[in-house]
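Trainee: Here is a sequence with its predicted model. Questions after.
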Amino acid sequence: LLVVDEVLSMSGAQSEQYDILLGFGMSPNLAQFVDQMYTEGYLTPADTDEKVISALNENSEELSIQALTQFKNSDLASVKSKGAFLLGIIKRIKNEQGLNTASTNRPGPNPQRLQNILERTGYSHEVTPGQRKYGGPPPNWTGVKPKGTDVFVGKLPGDVFEDELIPLFENCGTIWDLRVMINPETGITKGFSFICFADKASAKKAVSIYNNYEIRPGKHITVTLTVPNTRLFIGSIPKNKSKQEILEAFSLLTEGITDVLVKDPLIPGPNKKNRGFCFLDYETHQKAAAAKRKLSGPRHPAIGPWNSYKVYTCEWADPMDDPDDEIMAKVKVLYITKLTETITEQMLRERFAQYGLIERVKKMKYYAFVHFSERECAIAAIEGENGKSIGNCAAMDVELAKPMSEDTRKKIKSIKEQRSQQYMEQNQYNSGYDASYGYDNSYGAPGGYDDGYSGGYQSFYDGGNQQRGGGAYNNPRGGYGGNRGGGYDARGGRGNFQQRGGNRGGRGGAPRGGNNYNASGSFKRQGAPADATYPKRGRYQGSSYQNTAMYNQGYQQGYQYSGGNDSQWSQDTFSGGQQW
C-alpha cells in the first residue's frame, strides 16, 4: 500500500524519458516512478542501462518500485555505480521474499483453450523467461513487420493471458503478433502486453473499442497506440564514408540492419559523403536494443575496415513524425532540399508558379518550403521538378512536407527554451551581433519551421550553426517576421557603450534602434561638433566586434572604427549633437 501511495502521489507532466521507458516495455506506473527519480536527481538515464531496465521489467511492478524506494532512501554519497547498487537491492529483496527459487505451480493460460486457438489459426507460440509470444509473423505472411500498427494494453489483471486476449482483439483485425509480458520467476503477468496488427486501421479500431474495456468486474484495461523504436543514431563517423560503406561496416558488428539513412553534406565535395552522422534502422526493437548495448559505452567495438575506428557514438534516435494517410492527403506544402545559398525565394517562386497559385515561399539556407493553394498543384510540381536543376543547384529533392505532431511541437518548444536560457547565461556580456539570432540560425527544427511543417527529419543531431535550426518561421528568435531579426541590439557591448540603441527592429525594418538614434537613423556623439560624423555599419558581422578594447577606443576618440576591416562599417555616418 505504501508503494502504491507513493506512485499515486506523483503528479505533473512526464519528461521525454517517460516515453522511452515505455518503449523498453516498462509498465506506465513503473515508468512514471523512474521518470520522477530522473527529475529529482536520484538517477540519470546513464545509470539505468539495459541490464537495470531488464531487471526492473522482469520483476513485478510492486517489487521494482519497492527496490527503487529503498534506493531513494539509501545513502548514495559513496556509491560509485548506482546501477549496480540498484541491482543489488533487487536481488536482496528477491532473496528475502524467496523469489529466487523455481516455482512448481506457475500460473498460465487455459491449456485446452490456447491449443484450440493455435490449431484454428496456425500461429506459432513461444514462451521465454520474460514474455509469452503468439505469432510473429502470421502464417503465409510475406514482407517485413508492419510499422505504426502496435498498441499497448495496460492495467491487465495478473491472471489474464493470451488465451483471453487473442479472441478479444481478433475482432479488430489480423494480429501480426501478441506479447504478454510476465515475471520470469513467478509466471504472473506484469499487467501489460503489446499487440501488433497487420494494418493501421485495425490498431486504431482496437484503441477505439477496447480502451477502458472492463475485462473483469471493476477492472478496466487501457489500450493506446505505441511506436517501438527501431532506429539508432550513430555520431562522429568519418565524413568520407558512403551509405554502402557504413552499411557494410556496422553489419559486421550488429545483426538485423534493414537500412542506413545518411544526410547529404551541405557543401558537396569528393571526400564529403555524409554530415558526420547516420541512422541505422533495424528489423525489430529487440535487435535495435541489442545493437545499442553493443555499440554504446566505453568498451564499444572498433570498426575494423575503417582502420579500427572507435570514436563513434551511439544513441537512440528520436522517433520521426509519421502522419497517417488521411493527414498527408490534405498537405499542399512542398519540402525542397539540396539547394544552395544562392537560390532565392524569388527564383523558387518563378520556377514553381507554372504549376499553380503559390501562397508563399519560405527559403532557408539549403532547403525551402513552397505553399500551393491546391494539393493537385503540389503533386504536379513534385512530378515535374523532383531531381531537376535550378540555378547552380545540380538536382533538388522535392517532396510533400510532413505536418508536425503536437508532441513534436512541444519537444521543439522545450528545446528552444533550454537553448535560449543557455544562450542568455553564456552570452549575457557578449558584444556585437550574435549569429544565433540570424535568419538562418534560429532555433527551429532541422528541416522544419514554426508553421508546423517539416521535411520529416525532426531530431536535433546536426552540429554547428548551419544545422542548429533552419530558420523558424515567425519565431521571435528566428528572424523572419520576428522582433529580433534586424537592427541593433540593446544587449550590446561593454565599457562606455553598454547601450547601442535599444531593441532590435524587425527583419530589414526601420527604425533600427532606440532613443540614441536621430530621425534619419544616424547616431549622435556627445560633445561632437555639429558637422562631426561617426561611421557605423548596417549590422555586426563575424568577430569584427569581438575586440572590445579596439572598438571602444575608436568610439572614445571620436573617430571611425579602428579594426575589423568591414566595408559595411562606412556605409552610414553618425552625426554629432546628442549624447551617445
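Mentor: The structure has been received and is ready for your questions. Residues are numbered from 1 along each chain as shown.

Trainee: Any regions of the stretch 301-450 of the chain where pLDDT drops low?
Mentor: 321, 426-450 (pLDDT under 70).

Trainee: The chain too?
Mentor: 1-13, 98-106, 266, 268, 321, 426-580.

Trainee: if you set the cut-off to 50 instead, what comes out?
Mentor: Scanning the chain for pLDDT under 50 picks out the ranges 1-11, 101-104, 429-447, 457-580.

Trainee: Mind naming the longest helix for it?
Mentor: Secondary structure of the chain per DSSP state H: the longest helix is helix 406-426.

Trainee: can you dump the C-alpha coordinates of that helix into PDB?
Mentor: Only the C-alpha atoms of helix 406-426 are listed here, as PDB (Å, rounded to 0.1, in the frame of the first residue of the first chain):
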ATOM      1  CA  GLU A 406       1.600  18.000 -31.100                       C
ATOM      2  CA  ASP A 407       4.300  16.000 -29.200                       C
ATOM      3  CA  THR A 408       7.000  17.200 -31.600                       C
ATOM      4  CA  ARG A 409       5.800  20.800 -31.300                       C
ATOM      5  CA  LYS A 410       6.100  20.600 -27.500                       C
ATOM      6  CA  LYS A 411       9.500  18.900 -27.700                       C
ATOM      7  CA  ILE A 412      10.800  21.600 -30.100                       C
ATOM      8  CA  LYS A 413       9.400  24.300 -27.800                       C
ATOM      9  CA  SER A 414      11.200  22.800 -24.800                       C
ATOM     10  CA  ILE A 415      14.500  22.500 -26.600                       C
ATOM     11  CA  LYS A 416      14.200  26.100 -27.800                       C
ATOM     12  CA  GLU A 417      13.600  27.300 -24.300                       C
ATOM     13  CA  GLN A 418      16.500  25.400 -22.900                       C
ATOM     14  CA  ARG A 419      18.900  26.700 -25.600                       C
ATOM     15  CA  SER A 420      17.600  30.200 -25.100                       C
ATOM     16  CA  GLN A 421      18.300  30.000 -21.400                       C
ATOM     17  CA  GLN A 422      21.800  28.600 -22.000                       C
ATOM     18  CA  TYR A 423      22.500  31.300 -24.600                       C
ATOM     19  CA  MET A 424      21.400  34.000 -22.300                       C
ATOM     20  CA  GLU A 425      23.600  32.700 -19.400                       C
ATOM     21  CA  GLN A 426      26.700  32.200 -21.600                       C
END
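
Trainee: Nearest residue to F24 in space, ignoring adjacent ones along the chain?
Mentor: Leaving aside its sequence neighbours, F24 sits nearest to I53 (CB to CB, 6 or more residues apart in numbering; 5.1 Å). (C-beta placed from N, C-alpha, C; glycine too.)

Trainee: so where do the helices sit in the stretch 1-150 of the chain?
Mentor: Ranges of helices in the stretch 1-150 of the chain, per DSSP state H, counting those that start in this stretch, are 2-9, 16-23, 28-40, 50-58, 61-72, 82-96, 111-121.

Trainee: wait, P138 sits on F197?
Mentor: No. Counting by CB atoms under 8 Å, F197 is not a contact partner of P138; they are 10.5 Å apart.

Trainee: any common contacting residues for those two?
Mentor: Residues touching both P138 and F197 by CB atoms under 8 Å, 6 or more residues apart in numbering: 174-176.

Trainee: For PyMOL, what selects the buried ones among the residues you listed?
Mentor: This is how PyMOL selects the buried members of the shared contacts of P138 and F197, with burial counted by 16 or more other CB atoms under 10 Å:
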select buried, resi 175+176
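
Trainee: neighbour-wise, which of P138 and F197 wins?
Mentor: Set P138 next to F197 and count neighbours by other CB atoms under 10 Å: F197 wins out with 24 against 16.

Trainee: who's in contact with that one?
Mentor: Contacts of F197 (CB under 8 Å, 6+ apart): 146, 149-151, 172-176, 203, 206.

Trainee: want to try JSON lines for those, with secondary structure and distance to I343 as columns?
Mentor: Shown next, in JSON lines, are those (DSSP: H, G, I helix; E, B strand; the rest coil; distance: CB to CB, whole Å):
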{"residue": "P146", "secondary structure": "coil", "distance to I343": "39"}
{"residue": "T149", "secondary structure": "coil", "distance to I343": "40"}
{"residue": "D150", "secondary structure": "strand", "distance to I343": "41"}
{"residue": "V151", "secondary structure": "strand", "distance to I343": "44"}
{"residue": "C172", "secondary structure": "helix", "distance to I343": "48"}
{"residue": "G173", "secondary structure": "coil", "distance to I343": "46"}
{"residue": "T174", "secondary structure": "coil", "distance to I343": "47"}
{"residue": "I175", "secondary structure": "strand", "distance to I343": "49"}
{"residue": "W176", "secondary structure": "strand", "distance to I343": "45"}
{"residue": "A203", "secondary structure": "helix", "distance to I343": "41"}
{"residue": "A206", "secondary structure": "helix", "distance to I343": "47"}
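
Trainee: ok, those vs K310, which is closest?
Mentor: Of all these, D150 has the smallest distance to K310: 34.8 Å, by CB to CB.

Trainee: The helices of the stretch 1-150 of the chain into TSV, with extra columns for mean neighbour count?
Mentor: Conversion of the helices of the stretch 1-150 of the chain to TSV gives the following (neighbours: other CB atoms under 10 Å):
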stretch	mean neighbour count
helix 2-9	12
helix 16-23	19
helix 28-40	20
helix 50-58	18
helix 61-72	19
helix 82-96	16
helix 111-121	13
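
Trainee: Quick one: those as CSV, columns for distance to P238 too.
Mentor: Below are the helices of the stretch 1-150 of the chain laid out as CSV (distance: least, CB to CB, whole Å):
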stretch, distance to P238
helix 2-9, 47
helix 16-23, 29
helix 28-40, 34
helix 50-58, 27
helix 61-72, 41
helix 82-96, 32
helix 111-121, 49
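
Trainee: If anything else comes up later, I'll come back, but that's it for now.
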